[in-house]
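Enquirer: show me how the following folds:
(one chain, ligands or ions: 1)
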Amino acid sequence: MNSKKNRITGFAGSNSSQSINRKLVQYALDSFKDDETELLDLNDFEMPLYSKDREKEIGIPEKAHLFRRKMHEANAVICSMAENNRSYTAAFKNILDWCSRIDLNIYGQNPMLLMSTSPGKYGGQNVMNTAKSFFPKCGAEIIETFSLPSFYENFKEGKITDEALKDELLSKIESFKSSIQHGKKAKN
Ligand SMILES: Cc1cc2nc3c(=O)[nH]c(=O)nc-3n(C[C@H](O)[C@H](O)[C@H](O)COP(=O)(O)O)c2cc1C
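Expert: Residues are numbered from 1 along each chain as shown. Model (predicted):
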């Protein structure tokens with residue numbers, strides 16, 4: 001048995017105050033009652049739009065270092081990607097671009113539960129596929145992925161209402177928990 005608490009850091013790839021992806025991340029974090037959890041808000045990491053010229057001019061903003069530090073200090077990451085025009089939101093992509101200029105190990109070799117949701121029936125599958133292929137290059141060890149389709153039909157009052165989808169996520173969370181306990185960044 002591990003006596004120390006894990007630190008699970010979550011974020012949604014959205015800067016919307018009503019983000020459905022944020023609600024999904026909060027739901028997943030609720031399963032980690034015995035651990036320290038933190039849900040980041042991308043609005044706290046808003047930076048000028050990345051450009052090489054701007055980087056030359058201002059250097060890398062402290063908020064990019066802070067985001068990276070939050071990831072590295074965690075020993076597991078849970079995120080849910082919002083899909084805009086089949087890809088990342090501009091808010092998330094800007095953070096990714098700035099952080100990648102520090103180095104590409106953004107997620108600190110952490111185990112990751114990668115999710116996505118949207119109001120449509122594909123549940124953000126396009127952005128999920130993009131993140132799934134790229135995040136391992138950014139220091140994420142993706143343990144499980146989960147897409148929640150048709151958010152407004154399947155999620156109400158902070159919970160997944162469709163039993164099959166709920167069971168799928170909860171069983172993936174169990175497998176994720178076990179890989180945190182046995183992984184490289186386990187707290188012993
Ligand atoms: C500019 C824009 C583009 C969008 N493109 C897509 C898309 O390609 N696929 C999709 O499933 N939903 C798309 N949506 C709908 C988003 O999935 C929906 O706004 C969702 O609430 C975003 O997640 P969030 O609430 O966590 O920000 C788009 C929404 C906006 C505003």
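Enquirer: residues contacting stretch 25-45, please?
Expert: The contact list for stretch 25-45, computed with C-beta atoms under 8 Å, 6 or more residues apart in numbering, reads 5-15, 22, 63-64, 66-67, 70, 74, 78-80, 91-92, 95, 113, 115, 155, 158-160, 169-170, 173, 177. Yep, even glycine has a C-beta here, placed from its N, CA and C like the rest.
Enquirer: can you turn the buried part of those residues into a PyMOL selection?
Expert: To isolate the buried subset of the contacts of stretch 25-45 in PyMOL, counting by 16 or more other C-beta atoms under 10 Å, use the following:
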select buried, resi 6+7+8+9+10+11+12+13+14+15+22+64+67+70+74+78+79+80+91+92+95+113+115+155+160+169+173+177
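Enquirer: which residues does the top helix by length along the chain contact?
Expert: Identified as the longest helix of the chain according to DSSP state H is helix 163-182. Contact partners of helix 163-182, identified using C-beta under 8 Å, 6+ apart, comprise 2, 6, 8, 27-28, 31-32, 75-76, 78, 111, 113, 115, 143-146, 148, 154, 159-160, 186.
Enquirer: state the mean pLDDT of that helix.
Expert: Mean pLDDT, taken over the full extent of helix 163-182, equals 96.
Enquirer: buried residues in that helix?
Expert: Within helix 163-182, the residues that count as buried by 16+ other C-beta under 10 Å are L165, K166, E168, L169, K172, I173, F176, K177, S179, I180.
Enquirer: for this structure, which segments count as helices?
Expert: 20-29, 52-58, 62-73, 90-100, 125-134, 151-154, 163-182.
Enquirer: hmm, the fourth one touching the ligand?
Expert: No. Helix 90-100 does not reach the ligand (C-beta under 6 Å from any ligand atom); its nearest approach is 8.8 Å.
Enquirer: quick one: that helix to helix 20-29, angle?
Expert: Compare the direction of helix 90-100 with that of helix 20-29 by axes from the mean of the first three to the mean of the last three C-alpha atoms, to 10 degrees and you get 70 degrees.
Enquirer: now helix 90-100 and helix 62-73, what's the angle there?
Expert: Using the same axes, to 10 degrees: helix 90-100 against helix 62-73 is 80 degrees.
Enquirer: which secondary structure elements does helix 90-100 sit against?
Expert: With contacts taken as 3 or more C-beta pairs under 8 Å, 6 or more residues apart in numbering; DSSP states H and E, helix 90-100 sits against helix 62-73.
Enquirer: which residues of this protein score low on pLDDT?
Expert: For the chain, residues meeting the criterion pLDDT under 70 lie at 1-3, 188.
Enquirer: alright, I will stop here.
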